[in-house]
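Q: 3D, please:
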Amino acid sequence: MKAGLMVAGFATLSLLMAVPAGADQSTQPAPAADAMFAQPFIDKDEWRDAPVRHRYVHGGFTGTETRFSFYFPDKAHYQGRFFQHITPVPDSENNGQLPSVGEEDKVGFALASGGYFVETNGGGRGQVGMPGTGVDPTIAAWRANAAAAAYSRVVAQQMYGGKRPYGYAYGGSGGAFRTIGSIENSVGVWDGVVPYVMGSTMAIPNMFTVRMHAMRILKDRWPQIIDAVEPGGSGDPYAGLTTRESDALREVTKMGFPTPSWFGYRTMGVHGFAALYQGMVMADPSYFTDFWTKPGYLGFDNPGDFDGARVQHKAQVIAAITAAEAARLKLNTSVVDGRKDGGVDNAFAALQGEGAQLIVAYRLSSAPPAVDFLGGDLILADGRRLALSRIVGDVVILGVADPAIAASVKAGDAVQVDNSNFLAAQTYHRHQVPGRDFPVWDQFRKSDGTSIYPQRPMILGPLFVQATSGSQLTGKFAGKMIVVENLWDREAMPWQADWYRQRIAAHLGAATDDNLRLWFTDHALHGDSSRQEDPTRTVSYLGVLQQALRDLSAWVERGVAPPASTAYRIADGQVIVPTDAAARNGIQPIAQVSANGGVKALVKSGAPVAFAASIAVPPGAGQIVAAEWDFEGDGTFPVKAALPRRAGATVTVRASHSFTRPGTYFPALRVVSQRQGDAITPFARIQNLGRVRVVVE
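A: Modelled structure (predicted):
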């Protein structure tokens, strides 16, 4: 497929009529029909009792692969709205039926919030909007979701009667692109949206490449870097680093990577880059030759930088390994290093396919040299390539690879394991310098504003985003929006939410606060899961997301303005927020914890340590409903803090604990607020952490 196909199919479609905010929804005309989705059908319609009693409706649109599921509460619990989740890539329309409990239950949340729930397959997995696939990206970007949303209103009004239901969409990561594209490309379908953990038009592939560069250079230095930025640390992550190492850390930090989030360096892998790599190679194939052969590129200027890292290993294939065989051998075939990642692995499945007999790995005649292998290629004798995700001894495991090519490889075939392209990709961002509206790239400009490094013929980020969202994130939309962004996000650097806020402000001017809120969540990563890699360091942000949806509906339907946007400033790519809840705003509580009166305590084994915490909720954001201590760092938070019967928005808690074994501990207090002060509900529980260091001798 040719790179030119990346811009094919970006049709401009004016499909839907405007519905002014605050207007009587019952008097508004229905959105104009999209001819592709003119014939909806229902193939399942039944009442179900879990998670609570609801009517389940499944169907699609004749002549398309688009399918939808609607989940309607009984009439007594319906309040005239729906919530629609938009996935990072086209996925199943039946995700709402997967086992989920507590705050992860999207259907349960929608029903508990007076609405019905809508989900689609985004037009089908064949509609993955990647440059070079040759598909019309507008289908997956927003048209399939818009058609399902519009038809859900027909079914809802047949069931409930009354006025046009209000509609709210939300999606994270690639789903944030698709959510923004949905409301920017349409009016009258959604009254408001909540994009979360969003990127910018320069996110792809640059937020991944710069992180991969740092991972390679600093692989042996992460423990001391992390210790420096932990509570009670030196505060200087550059101490003890070589010039080369300092430069790599400074580069990734100025690009926006939150330094405390490096605690996950062992498991974070390359994340979404695994699914983006092939599109990057198709779009700019000559880069991977220029990198090693032309001045201005690291591979040519300083090839010694890759000593001990570059692999060009020739071997023969001994046997292909199927998915079933890999499972028996307990091989990790996730495209993400170290652990499964649902969003990325779903993208992988969408691009490559699934099945027990799918070829996922090969055993070779000899093992490639042991290096810190982040990814590479298996080069066949005829020059074709299969992406590799990892090496385990003499077994090479495929990344996002063409299944037909994978199946064509036979025992005895000559191959070469080569990570040259992956190494070259790690500094691609240096050769993608955009305009001045992206100041994190200023580090790659000379004093006169010109680029330090040679630039590529095209900037890829906007092409990827266009293919995903059907939009260039213009900031022009009808409705209201609450953006949820996370301060410890490794994949969507937090400054990107501010970049989009500036685009909105350029369009709306003084009316920006009438239509937008931006809430930053501290101690939160990228994934929208209640399960945390290290619960003593990070929290779930699902409660923030759920409260945003509830506040959005109150804002649209009743004119109740949400709490103020988070106060922040950006310095050298880092988003910095006040430490005081009243000054920070947003909706997340803040816990300031001390051990023996400071952020670091040095004690003898067995001696009691006095802990104290001041907890506060920003103005209008609710009440403290829970606080729990984890002193030993096992992530279980076994000690519940005693709260006043009516805790209110500010609370002080105290505790004492003795450590019996020498070592360095990071006791954590996890706090929870809830808008109505409901300590029982699983929904809209806003979490945060306070942490200190205790050194036990």
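
Q: pretty sure Ile180 contacts Val194?
A: No. Contact status for Ile180 versus Val194: not in contact, 10.4 Å apart, counting by Cβ atoms under 8 Å. All C-beta spots, glycine's among them, are computed from the backbone N, C-alpha and C.

Q: of the two, who's got more company?
A: Ile180 (31 against 27; other Cβ atoms under 10 Å).

Q: how would you label the more buried one: helix, strand or coil?
A: Here Ile180 is recorded as helix under DSSP: H, G, I helix; E, B strand; the rest coil.

Q: what's near enough to touch Phe444?
A: If you count contacts by Cβ atoms under 8 Å, 6 or more residues apart in numbering, Phe444 has them with His429, Arg430, Val433, Ser451, Ile452, Tyr453.

Q: are any of the residues you listed buried, and which?
A: Buried members of the contacts of Phe444, scored by 16 or more other Cβ atoms under 10 Å, are His429, Arg430, Val433, Tyr453.

Q: biggest separation within those residues, which pair?
A: Maximum pairwise distance in these, criterion Cβ to Cβ, is 9.8 Å, between His429 and Tyr453.

Q: could you pull out the helices for the stretch 1-150 of the chain?
A: Counting by DSSP state H, counting those that start in this stretch, the stretch 1-150 of the chain has helices at residues 106-112, 137-138, 144-160.

Q: Would you mind putting the ones you listed into TSV with mean pLDDT and mean neighbour count alongside?
A: Converted to TSV, these look like this (pLDDT from 0 to 100; neighbours: other Cβ atoms under 10 Å):
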stretch	mean pLDDT	mean neighbour count
helix 106-112	96	24
helix 137-138	88	28
helix 144-160	97	22
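
Q: Identify whichever of those lies nearest to Ala309.
A: helix 137-138 (35.6 Å).

Q: next SSE after the longest strand along the chain?
A: Determined from DSSP state E, the single longest strand within the chain is strand 312-322. Downstream of strand 312-322, the first helix or strand assigned by DSSP states H and E is helix 323-329.

Q: got a list of contacts for that following helix?
A: Contacts for helix 323-329 (Cβ under 8 Å, 6+ apart): Ile321, Thr333, Glu354, Gly355, Ala356, Gln357, Leu358, Val360, Ala361, Ile397.

Q: And the average pLDDT for that helix is what?
A: Mean pLDDT, helix 323-329: 89.

Q: Same check on stretch 174-181?
A: Stretch 174-181 shows a mean pLDDT of 96.

Q: pLDDT below threshold where in the stretch 501-650 of the chain?
A: For the stretch 501-650 of the chain, no stretch has pLDDT under 70.

Q: now for the helices of the stretch 1-150 of the chain, which one comes closest to Lys75?
A: Closest among the helices of the stretch 1-150 of the chain, using Cβ to Cβ: helix 144-160, at 5.8 Å.

Q: for the buried ones among the contacts of Phe444, which one is nearest Ile587?
A: So of those, ranked by how close each gets to Ile587 (Cβ to Cβ), first place is His429, at 33.1 Å.

Q: Validate this expectation: Ala561 resides in a helix.
A: No. With three-state DSSP as the criterion, Ala561 is coil rather than part of a helix.

Q: which stretches of the stretch 101-250 of the chain have low pLDDT?
A: Within the stretch 101-250 of the chain, the segments meeting pLDDT under 70 span 128-134.

Q: got the residue ranges for the strands in it?
A: 115-120, 166-172, 192-196 (DSSP state E, counting those that start in this stretch).

Q: repeat for the stretch 351-500 of the chain
A: Using DSSP E, counting those that start in this stretch, strands in the stretch 351-500 of the chain cover 359-364, 376-380, 385-392, 395-398, 414-418, 480-486.

Q: and those, which is most packed in?
A: strand 480-486 (a mean of 27; mean count of other Cβ atoms under 10 Å).

Q: out of the strands of the stretch 351-500 of the chain, nearest to Ile42?
A: Of those, nearest to Ile42 by Cβ to Cβ is strand 480-486, at 31.0 Å.

Q: Which strands border the closest one, and is each parallel or antiparallel?
A: strand 192-196 (parallel), strand 516-521 (parallel) (DSSP bridges).

Q: Now render these as a markdown table, adding distance to Pro51.
A: Converted to a markdown table, the strands paired with strand 480-486 look like this (distance: least, Cβ to Cβ, whole Å):
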| stretch | distance to Pro51 |
| --- | --- |
| strand 192-196 | 21 |
| strand 516-521 | 25 |
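
Q: got the strands of the stretch 351-500 of the chain as CSV, with mean pLDDT columns?
A: Output for those, formatted as CSV (pLDDT from 0 to 100):
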stretch, mean pLDDT
strand 359-364, 96
strand 376-380, 96
strand 385-392, 94
strand 395-398, 95
strand 414-418, 98
strand 480-486, 98
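
Q: Out of those strands, the one nearest Lys163 is which?
A: strand 480-486 (18.3 Å).

Q: Restrict the closest one to CA atoms and write it as CSV.
A: Only the C-alpha atoms of strand 480-486 are listed here, as CSV (Å, rounded to 0.1, in the frame of the first residue of the first chain):
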residue,chain,number,x,y,z
LYS,A,480,-20.2,21.4,26.0
MET,A,481,-17.0,19.5,26.8
ILE,A,482,-15.1,18.4,29.9
VAL,A,483,-11.6,17.1,29.3
VAL,A,484,-10.0,14.7,31.8
GLU,A,485,-6.2,14.5,31.6
ASN,A,486,-3.8,12.7,33.9
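
Q: Let's have the helices of the stretch 1-150 of the chain in TSV, adding distance to Met36.
A: Below are the helices of the stretch 1-150 of the chain laid out as TSV (distance: least, Cβ to Cβ, whole Å):
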stretch	distance to Met36
helix 106-112	27
helix 137-138	10
helix 144-160	8
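
Q: Of all those helices, which one comes closest to Leu463?
A: It is, among the helices of the stretch 1-150 of the chain and with distance given as Cβ to Cβ, helix 137-138, at 10.2 Å.

Q: Report all helices and strands that the closest one contacts.
A: If you count contacts as 3 or more Cβ pairs under 8 Å, 6 or more residues apart in numbering; DSSP states H and E, helix 137-138 packs onto helix 461-469.

Q: Report the inter-axis angle for the helix it packs on versus strand 192-196.
A: 130 degrees (axes from the mean of the first three to the mean of the last three Cα atoms, to 10 degrees).

Q: packing partners for helix 461-469?
A: Of the remaining helices and strands, those touching helix 461-469 by 3+ Cβ pairs under 8 Å, 6+ apart are helix 137-138, helix 174-185, helix 273-283.
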